[in-house]
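K.L.:
coords please:
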Amino acid sequence: MVRIRTIGKKGQVTIPKEIREKFGLREGDRVSFEIKEDEIVIKPEKSGRKFIEELASIVKEKLEAPEPAELKRLYYEEIGERIS
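P.N.:
So this is what the prediction gives:
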């Protein structure tokens, strides 16, 4: 999906509605900008509360793991995936 926008006087760009909806972005949400060679990557930044809620939902889903060691492994796998 490619969307072209014009940068305003203050350097602002409107994120298209379709993209805001897909990523659940609302007014006041934060995004991070990352430079990768000749690209700019914009990512939603999760609040601490949202991150903890998502993590808790993952742990809840994984509670059927047979042993605590397995749950711990799944936890670290999930964190690794989210970081990369």
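K.L.:
After the lowest-mean-pLDDT helix or strand in the chain, which helix or strand is next?
P.N.:
None of the helices or strands of the chain scores lower by mean pLDDT, DSSP states H and E than helix 48-62, at a mean of 74. Next in sequence after helix 48-62, counting helices and strands by DSSP states H and E, comes helix 68-83.
K.L.:
burial count for the nearest residue to R30 once chain neighbours are set aside?
P.N.:
Leaving out its chain neighbours, the residue that sits closest to R30 by CB to CB, 6 or more residues apart in numbering is E45, at 4.2 Å. Quick note: C-beta positions are derived from backbone N, CA and C, even for glycine. Residues within reach of E45, counting by other CB atoms under 10 Å, total 11.
K.L.:
per the record, what domains does this protein have?
P.N.:
1-45, 48-83 (automatic domain parsing).
K.L.:
Poorly predicted segments of the chain, please.
P.N.:
Flagging of the chain using pLDDT under 70 yields the residue ranges 62-68.
K.L.:
quick one: what helix or strand has the residue nearest the centre of it in it?
P.N.:
The C-alpha lying nearest the average C-alpha coordinate of the chain belongs to P44 (CA atoms, centre = their mean; 5.0 Å). Here P44 sits within strand 39-45, counting by DSSP H and E.
K.L.:
Mind exporting the C-alpha coordinates of that strand to PDB?
P.N.:
Listed next in PDB are the C-alpha coordinates belonging to strand 39-45 (Å, rounded to 0.1, in the frame of the first residue of the first chain):
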ATOM      1  CA  GLU A  39      13.900   5.000   4.200                       C
ATOM      2  CA  ILE A  40      11.800   6.400   7.100                       C
ATOM      3  CA  VAL A  41       9.900   3.900   9.100                       C
ATOM      4  CA  ILE A  42       7.000   5.100  11.200                       C
ATOM      5  CA  LYS A  43       5.700   2.700  13.900                       C
ATOM      6  CA  PRO A  44       3.000   3.100  16.600                       C
ATOM      7  CA  GLU A  45       4.500   3.400  20.000                       C
END
